[in-house]
Structure formats: structure tokens, C-alpha cells
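Enquirer: with the input below, show me the fold.
(one chain, ligands or ions: 2)
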Amino acid sequence: MDENLKRYIELIPKAELHVHIEGTFEPELIFEIAQRNNVPLKYNSVEELRKAYNFNNLQDFLDIYYGAASVLLYEQDFYDLTASYLRKAHADNVVHTEIFFDPQTHTTRGVSFATVINGITRAMGDAKTEWGISTKLIMCFLRHLSEKSAEETLESALLHKEKIIAVGLDSSENGHPPGKFFHVFNRVREEGFFVVAHAGEEGPAEYVWEAIDLLEAERIDHGVSSVDDPDLMEELREREIPLTVCPLSNLKLRVVEDLKNVPVRSFLEKGILVTLNSDDPSYFGGYINDNYLQTAEALQLSRNDIYTLAKNSFLASFITEKERNFFLEKLLNFENSFV
Ligand SMILES: Nc1ncnc2[nH]cnc12
Ligand SMILES: [Zn+2]
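Expert: Ligands and ions are numbered 1, 2, ... in the order given. The predicted model follows:
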């Protein structure tokens, strides 16, 4: 790739809108925390664990991801995990990030909701002080569990309402359509949270329709199968519903055979608010800049395309108009001064 475009990608201020905090758990930190908490691991070394990162589909990955998360027990563990991600995001010139967390992954093991959220938000506060990085937190329900379990999780979340900006849906997609969570998302909206949902990752375009029509999702996570349905593409453009696409994730989970097949160009050409994100960077071989760089290379994206993707990341963020204007001005200043 052209050195100048590479530098432009690395330096451009950007927002990350699709990253699971449990998916930023690096093998070295997994072993460190497992050791200090006396939790046995199935793997004998960092190298052995890394070797297991060879996935045929979403479920293969989720099995390992939930296994690693089981070493997280104390508030300090969640703090260390989050601080480690935010350091990397800052290095990639991420100036705003909206982080997913999966409370049920921890509460079902007896770790309290407060332990999880207090550790994460303390690291978010420290990162703001230290690096000026802006952050929001999005709670996700695990869709392989019941709607009742999601309702109980929402109850726990209400005690920490001011720390959570939006509620989403993740985990095993096929067989667990958004409609399964219709009632609980009515409550989510009544409580004033923004709504997002993973849809159209491994699942069909129909699941994206359900997410926007039944759950009234304001942003779709992945959504790559939308490209199969021209009416849906038109709907996403018309209603200005952003997609948080994660190219390296799609490649590693075999949603696509080649990065060339991630439909970022189709979304850009259609005028859909598409963004690039890392999803679970410690498992998929790269953080946000790696996603931008490898996608730009595979799709021959121009500097102008990169600018649009970075701008879209701010347009698609759950921030105030004042914050949005601040970031858009930062972006414009960067554009005008980059040589
Ligand atoms: N890519 C993904 N899809 C669904 N659920 C997830 N949880 C973490 N990463 C996920
Ligand atoms: Zn995801």
C-alpha cells in the first residue's frame, strides 16, 4: 500500500462502534489473570491458546471466547481488561469508542453486575483523564439465552442506568432471531436506551428486517447480509440506519472467504452509513487500524473512501450534537493539515 495512505489511515481520528470488551482479552492477560485468580485453563501456554484461534464459524469462536472470559472474577480484572483495550484504541487514534459488554457471561458464573460494570467504567474514566479518549458503554443480551434472562439482566442494569448508553443483542445468531427479544426491547426503549442489534452476520437479511422493524434498532452490528436484499439496502439508506461492519471478524469466522467479499464498497456506493470496526480484535488478528488497512488494501479504497468511513463513525455515534460537532471539526482539521 502507498505509504502516505497508510499513514493517513493510522493517523485519522476515528470512532470505534463495535468492539466487545471480552473480545479484547489478549492471551498474555488471560494467563496473568487466570494465575492470580487460581482459575485453571484448558491450555498450557499462550502459544497453545493462540493456536486454538482457528475458527470455522461464529460458534467455534464463541466457545473459546466464553471460556477465556471465565477467568474474570474481580473488579480489578475488568479494569485491567478495559484499560488494556483503551490503551490500544488510543494508539490507533480512536478518539471515541462505544464498548459492548456481555453481563450474562459473568453473572451466570456468580460475578455480580456491579463488579463487572464498576471495573469497566473506572477504566473508562481513567482513560478519559489520561488520554482524553471519549467512551460510552453498550450492554448486550446473549441471544442464545432466554428473553426472561434478558429481562432479569435489564433489571440489574437499571441500577446503573447512567453508565449505559444503549442495549444490544449478540452471541449465536442462527436460530435466535431478533423477534425472540421483542418484549424486552420494548422495555429497553421505554427506559430511554438507544437500541442496537447484531444481525445479518451469519444470519439472513430477514434478521436485519426484524432488528429494525421489531426491535427498532437504530444501528445494526455487522449487517453484511443486507447486501442480498435490495429493498433492505434502500431501507437502510432511507432511514439512515448505520452498519458497524467488522471485516477481519467476517474473514476469521468465515462469513466471507476473502476480505474482497466484505460488501463495504456496495454499502458506500449505496450511500449507507457504513463504518469499520474490530469486533473481537484479540481473536481476529487486528485492532481497528488493522481493519482499515487490510480492508483498504483488499478493496483498493481511496483516501476519500477512508475519510467517508471515519466521518461515518462520528455520524453513527451515540453522542450529543455538541460532541459530534467537536469530532467533525477535529476530523476536518486533520484533513486540512495532513501532508
Ligand atoms: N462477532 C460476534 N457475533 C456475535 N456475538 C459476538 N460476541 C462477541 N463477538 C460476537
Ligand atoms: Zn460483535
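
Enquirer: tell me the residues of the stretch 51-200 of the chain that contact ligand 1?
Expert: Residues of the stretch 51-200 of the chain lying close to ligand 1 by CB under 6 Å from any ligand atom are 58, 170-171, 198. Using the backbone N, CA and C atoms, a C-beta is placed for each residue, glycine as well.

Enquirer: could you dump those residues into CSV and include distance to residue 236?
Expert: CSV is the format used below for those (distance: CB to CB, whole Å):
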residue, distance to residue 236
58, 22
170, 20
171, 23
198, 15
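
Enquirer: just those residues: which are in helices?
Expert: The helices, defined by DSSP state H, take in residue 58 from these.

Enquirer: ok, and the most crowded of the residues of the stretch 51-200 of the chain next to ligand 1?
Expert: The most crowded member of these is residue 198, carrying 30 neighbours; neighbours defined as other CB atoms under 10 Å.

Enquirer: nearest spatial neighbour of that residue, chain-adjacent residues omitted?
Expert: Of all residues not flanking residue 198 in the chain, residue 221 sits nearest, at 4.3 Å (CB to CB, 6 or more residues apart in numbering).

Enquirer: what number of residues are in the vicinity of that neighbour?
Expert: Other residues close to residue 221 by other CB under 10 Å number 28.

Enquirer: buried stuff in the strand or helix carrying residue 60?
Expert: Here residue 60 is covered by helix 58-69, with elements defined by DSSP states H and E. Of all the residues in helix 58-69, those buried under the rule 16 or more other CB atoms under 10 Å are 58, 60-62, 64-66, 68-69.

Enquirer: ditto for stretch 274-292
Expert: Applying 16+ other CB under 10 Å to stretch 274-292 flags 274-284, 286-292 as buried.

Enquirer: if we look at ligand 1, which of these are close to it?
Expert: Okay, of the buried residues of stretch 274-292 touching ligand 1 (CB under 6 Å from any ligand atom), that's 279-280.

Enquirer: out of the buried residues of stretch 274-292, which sit inside strands?
Expert: Among the buried residues of stretch 274-292, DSSP state E puts 274-276 in strands.

Enquirer: and of the residues of the stretch 51-200 of the chain next to ligand 1, the nearest to ligand 1?
Expert: residue 170 (3.5 Å; CB to the nearest ligand atom).

Enquirer: residue ranges of the strands in the stretch 1-150 of the chain, please?
Expert: All strands of the stretch 1-150 of the chain, identified by DSSP state E, counting those that start in this stretch, fall at 14-20, 94-101, 134-142.

Enquirer: so the last one versus strand 94-101, what angle?
Expert: Strand 134-142 and strand 94-101 are oriented at 20 degrees to each other (axes from the mean of the first three to the mean of the last three CA atoms, to 10 degrees).

Enquirer: ok, the shortest one next?
Expert: Orientation of strand 14-20 against strand 94-101 (the same axes, to 10 degrees) gives an angle of 20 degrees.

Enquirer: show the pLDDT at residue 271.
Expert: Per-residue pLDDT puts residue 271 at 98.

Enquirer: with adjacent residues omitted, what lies nearest to it?
Expert: residue 237 (5.1 Å).

Enquirer: likewise residue 70?
Expert: Nearest to residue 70 is residue 109, by CB to CB, 6+ apart, at 6.1 Å.

Enquirer: next one: phi and psi at that neighbour?
Expert: Backbone geometry at residue 109, expressed as degrees, to the nearest 10, gives phi -100, psi 10.

Enquirer: the chain should start at 849 in everything you say after this.
Expert: Happy to do that; since the first residue is 849 now, the last one works out to residue 957.

Enquirer: ok, now how distant is it from residue 1035?
Expert: The gap separating residue 957 from residue 1035 is 25 Å, by CB to CB, to the nearest Å.

Enquirer: go on, residue 925?
Expert: In terms of CB to CB, residue 925 sits 30 Å off from residue 1035.

Enquirer: higher neighbour count, the two?
Expert: Comparing residue 925 with residue 1035 by other CB under 10 Å, the one with more neighbours is residue 925, at 24 against 15.

Enquirer: touching, that one and residue 966? I think so.
Expert: No - using CB atoms under 8 Å as the test, residue 925 is too far from residue 966 to be in contact (11.4 Å).

Enquirer: what number of residues lie near the residue lying closest to residue 1020 once chain neighbours are set aside?
Expert: Leaving aside its sequence neighbours, residue 1020 sits nearest to residue 992 (CB to CB, 6+ apart; 4.5 Å). Neighbour count for residue 992, taken as other CB under 10 Å: 16.

Enquirer: so residue 992 touches residue 1019, yeah?
Expert: Yes - contact criterion CB under 8 Å: residue 992 and residue 1019 qualify, at 4.9 Å.

Enquirer: quick one, what contacts residue 1118?
Expert: Listed by CB atoms under 8 Å, 6 or more residues apart in numbering, the contact partners of residue 1118 are 1081-1082, 1084-1085.

Enquirer: where does the stretch 949-1098 of the chain dip in pLDDT?
Expert: By pLDDT under 70, the stretch 949-1098 of the chain contains no weakly predicted segment.

Enquirer: ranges for the helices of it?
Expert: Using DSSP state H, counting those that start in this stretch, the helices assigned to the stretch 949-1098 of the chain run over residues 951-955, 961-979, 995-1006, 1030-1038, 1053-1061, 1078-1086, 1095-1100.
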